[in-house]
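K.L.:
turn this into a model:
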Amino acid sequence: MKLQQLRYIVEIQRQGLNVSEAAETLYTSQPGISKQVKLLEEELGISIFERSGKRFTAVTEPGKVVLGIAERILSEAENLKRASAEYATGDSGRLVLAATHTQARYALPIVVRDFVAQHPTVKLEMHQGSPIQIAEWVVSGEADIGIATESLDQYPQLVTLPVRQWSHCVIAPENHPILQSQPLSLNELVKWPLVTYDTAFTGRSRINKAFERIGTQPNIALTALDADVIKTYVSLGLGLGIISALAFDAQRDSGLVALDASHLFESNITRLALRRGTYLRRYDFDLITLFAPHLTRRVVEMAMQGGGESYQL
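P.N.:
Predicted coordinates:
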């Protein structure tokens with residue numbers, strides 16, 4: 001039995017039993033993967049996958065057990081590499097942080113600056129994506145830490161920790177009539193075209209639920225992946241914007257006015273995600289604490305050992 005064989009069967013499962021895609025992801029050949037899977041099955045004395053001709057069609061019952069064990073073995077093998085590298089090379093290495101645009105643009109710049117100053121020999125990489133992409137990157141090991149508001153807590157492979165609670169605000173051009181409608185109401189908002197986040201991003205589900213509760217549909221004129229785009233189109237007069245309050249700065253966003261909407265939409269929680277069972281290096285803990293000071297090393301270790309979210313805001 002070889003680790004490479006375990007990597008093959010785990011990747012086949014991740015790729016929906018598509019051997020060609022697994023081979024492409026692992027930079028090897030389809031016949032080579034098929035041969036190694038067959039050798040592993042012969043060694044174990046079981047079939048891991050059900051077949052129709054040369055195609056894999058399902059995972060067998062014993063195959064599900066084997067895949068679960070294989071994932072744990074591969075995770076521990078990766079932990080051995082991470083732990084040994086930490087002690088061998090000291091304060092150097094590579095840390096991949098995955099975050100949504102809002103977090104990368106508004107919440108993380110100072111954190112990244114301070115982390116780079118503390119750890120100049122650590123190569124910090126940042127990947128931006130949707131919450132689902134971020135979760136999948138952390139699950140697959142492509143990212144070490146994920147930060148988003150949506151989706152992360154839907155993945156059992158991840159341990160998620162709450163970072164901060166935040167609310168939406170409504171943005172409007174200066175002199176817009178809605179500025180005279182105080183306090184702001186949903187019934188007033190439905191009168192205007194709205195520009196807000198795409199359905200997978202930044203608390204959009206809370207916005208939808210608020211309008212559903214009053215039995216109406218908002219006039220969504222445009223959706224975008226990040227607050228900068230939303231603010232641009234609001235400035236052009238396409239509608240009122242609904243964004244994270246974190247993304248508005250009165251000085252930077254001249255010509256726009258922000259109205260508090262915390263009473264209209266449920267608050268949101270930004271979460272930090274780590275892959276369950278991962279060995280965390282010293283500089284992983286340092287970045288986490290810079291971003292969320294309440295997530296001390298002890299708190300994070302307890303959450304990882306307990307297998308879930310143990311810290312409540």
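K.L.:
ok, Leu6 to Tyr27 distance?
P.N.:
Separation of Leu6 from Tyr27 (Cβ to Cβ, to the nearest Å) stands at 17 Å. Where C-beta positions appear, they are placed from N, C-alpha and C, glycine not excepted.
K.L.:
who's more crowded, the two?
P.N.:
Leu6 (21 against 6; other Cβ atoms under 10 Å).
K.L.:
I'd say the more buried one and Ile73 touch.
P.N.:
Yes: at 5.9 Å, Leu6 and Ile73 qualify as touching, with contact defined as Cβ atoms under 8 Å.
K.L.:
return the helix or strand in the chain with minimum mean pLDDT.
P.N.:
Of all helical and strand segments in the chain, the minimum by mean pLDDT, DSSP states H and E falls on helix 61-89, at a mean of 84.
K.L.:
what is it packed up against?
P.N.:
helix 3-14 (3 or more Cβ pairs under 8 Å, 6 or more residues apart in numbering; DSSP states H and E).
K.L.:
list of residues touching the helix it packs on?
P.N.:
Residues outside helix 3-14 that contact it (Cβ atoms under 8 Å, 6 or more residues apart in numbering): 18-19, 22, 25-26, 33, 36-37, 39-40, 48-49, 56, 59, 63, 66-67, 70-71, 73-74, 77, 140.
K.L.:
the helix or strand just after the least confident helix or strand of the chain pairs with which strands, parallel or anti?
P.N.:
Downstream of helix 61-89, the first helix or strand assigned by DSSP states H and E is strand 93-99. The strands beside strand 93-99 in its sheet (DSSP bridges) come out as strand 122-128 (parallel), strand 145-148 (parallel).
K.L.:
buried residues in the first one, which are they?
P.N.:
Meaning strand 122-128. 122, 128 (16 or more other Cβ atoms under 10 Å).
K.L.:
which helices and strands does the next helix-or-strand element following it pack with?
P.N.:
Per DSSP H and E, strand 122-128 leads on to helix 131-140 as the next helix or strand towards the C-terminus. Applying 3+ Cβ pairs under 8 Å, 6+ apart, one finds that helix 131-140 contacts strand 93-99, strand 145-148, strand 158-166, strand 268-275.
K.L.:
looking at those, which one is packed in the most?
P.N.:
Of the helices and strands packed on helix 131-140, the one with the most neighbours on average (mean count of other Cβ atoms under 10 Å) is strand 145-148, at a mean of 28.
K.L.:
OK, contacts around the residue at minimal distance from the centre of the chain?
P.N.:
Nearest residue to the geometric centre of the chain (Cα atoms, centre = their mean): Ile134, 3.0 Å. Contacts for Ile134 (Cβ under 8 Å, 6+ apart) come out as 98-100, 127, 143, 146-148, 151-152, 273.
K.L.:
picking up where we left off before, want to throw the strands paired with strand 93-99 into TSV with mean pLDDT?
P.N.:
Shown next, in TSV, are the strands paired with strand 93-99 (pLDDT from 0 to 100):
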stretch	mean pLDDT
strand 122-128	95
strand 145-148	97
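K.L.:
out of those, nearest to Thr289?
P.N.:
Evaluated over these, closeness to Thr289 peaks at strand 145-148, with 11.8 Å, by Cβ to Cβ.
K.L.:
alpha carbons of that closest one, as CSV, please.
P.N.:
What follows is strand 145-148 as a C-alpha-only set of coordinates in CSV (Å, rounded to 0.1, in the frame of the first residue of the first chain):
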residue,chain,number,x,y,z
ILE,A,145,-7.3,29.5,6.6
GLY,A,146,-10.6,30.6,5.2
ILE,A,147,-12.6,33.7,6.0
ALA,A,148,-16.2,34.4,4.9
